[in-house]
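In: fold the following for me, if possible:
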Amino acid sequence: MKSFAAAILGLIALAGSAGAQAPATTPPASRSFQVTYNVIARGMNAGDFTYRFNQTGQAYEASASREMKGLIGATLNRSQDYTYSVRGAVAADGALRPAAYQHQGGRRREDRPNGRLVRASFTANDVDTIATPAMGMGDPPATAAQRRDVIDQITAIAAMATASGEPCARTMRVYMDGRSRFDFVFTPNGRVNVNTRAYRGEAQRCSVQFRPIAGFGDPQEAATLTFLFARTPSGMYAPVTIEMPTDGAGIVRLEARWIAINGTPLR
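Out: Residues are numbered from 1 along each chain as shown. The predicted structure follows:
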């Protein structure tokens, strides 16, 4: 990903897959995960990303918002401010399968003061996207085969948090924002001690290969990200930090400043 804006999108797309590693035991009937991240670029807090996930029985819903602040927010003129939501079902093995995703935001104009609205409907074999106003689907757009067995980026955050077993040994098929298709390939990269506002303790470090496939508006390049996961007392994993190299802004980092699992804050 070449631009700062694309880097932010990539960081927020904390990917997952309907075919990702499944829990070894039956998932609990209800669980929740909430987190607020600082978006840090060039040593400055460039914005906030807030996320909420709730599961009740075999249904789940999640929502998120991103707001860029300070000099970067003023420079981008709200073009990277978004709201997101998704709802879906929880399979018997605990995998999260989205049904209806939407986001709204981006560059504002008089005819769209709240930005573009994008809705994506997921089925077992495909994803149907409707955008108002209409948007291009990339060059080349993702094929039906490439859209099969994918997950949106908002469900993906919960998929990582709720999975059991090794968090750094999987390949995830991501369909971001109803258009952009890529893989995240996770491999273990040791353990580190973390001491942040949100969490203190040991974390699992993952090296994550970003592999663009289709549906991007601009040419993309492969990149390597770093994720840190904290295993919580509930058995769920919390993404504590995410780091990504960029051409224009150096290392851009999401750093959690508050995390709550099943209503209980970490630290």
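In: number of nearby residues for Ile154?
Out: Look at Ile154: counted by other CB atoms under 10 Å, it has 29 neighbours. (Each C-beta comes from the backbone N, C-alpha and C, glycine too.)
In: where does it fall, phi/psi-wise?
Out: Ile154 adopts backbone torsions of phi -80, psi -40, taken as degrees, to the nearest 10.
In: contacts only, for it.
Out: Tyr51, Ala62, Ser63, Ala64, Tyr84, Ser85, Val86, Tyr101 (CB atoms under 8 Å, 6 or more residues apart in numbering).
In: so what does the host helix or strand of the fourth one touch, helix or strand wise?
Out: To tie it back to what came earlier, the one meant is Ala64. Using DSSP states H and E, Ala64 sits within strand 59-68. Contact analysis of strand 59-68 by 3 or more CB pairs under 8 Å, 6 or more residues apart in numbering; DSSP states H and E lists helix 4-12, strand 44-56, strand 82-90, helix 153-162 as its packing neighbours.
In: switch to 7 Å and redo it
Out: Applying 3 or more CB pairs under 7 Å, 6 or more residues apart in numbering; DSSP states H and E, one finds that strand 59-68 contacts strand 44-56, strand 82-90, helix 153-162.
In: could you export stretch 49-63 as PDB, CA atoms only?
Out: Presented in PDB, the C-alpha positions along stretch 49-63 are these (Å, rounded to 0.1, in the frame of the first residue of the first chain):
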ATOM      1  CA  PHE A  49     -10.600   4.000  15.900                       C
ATOM      2  CA  THR A  50     -13.400   2.600  18.200                       C
ATOM      3  CA  TYR A  51     -14.800  -0.900  17.800                       C
ATOM      4  CA  ARG A  52     -17.600  -2.900  19.500                       C
ATOM      5  CA  PHE A  53     -18.600  -6.500  19.000                       C
ATOM      6  CA  ASN A  54     -21.400  -8.400  20.700                       C
ATOM      7  CA  GLN A  55     -22.500 -12.000  20.300                       C
ATOM      8  CA  THR A  56     -25.800 -13.400  21.700                       C
ATOM      9  CA  GLY A  57     -26.400 -17.000  20.900                       C
ATOM     10  CA  GLN A  58     -25.900 -17.700  17.200                       C
ATOM     11  CA  ALA A  59     -26.100 -14.100  16.200                       C
ATOM     12  CA  TYR A  60     -23.500 -11.300  16.300                       C
ATOM     13  CA  GLU A  61     -23.300  -7.600  15.400                       C
ATOM     14  CA  ALA A  62     -20.300  -5.200  15.400                       C
ATOM     15  CA  SER A  63     -19.800  -1.500  14.700                       C
END
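In: thought Asp177 was touching Gln104?
Out: No: the pair Asp177 / Gln104 is not scored as a contact, 10.9 Å apart, by CB atoms under 7 Å.
In: neighbour-wise, which of those two wins?
Out: Using other CB under 10 Å, the more surrounded residue of Asp177 and Gln104 is Asp177, with 24 against 17.
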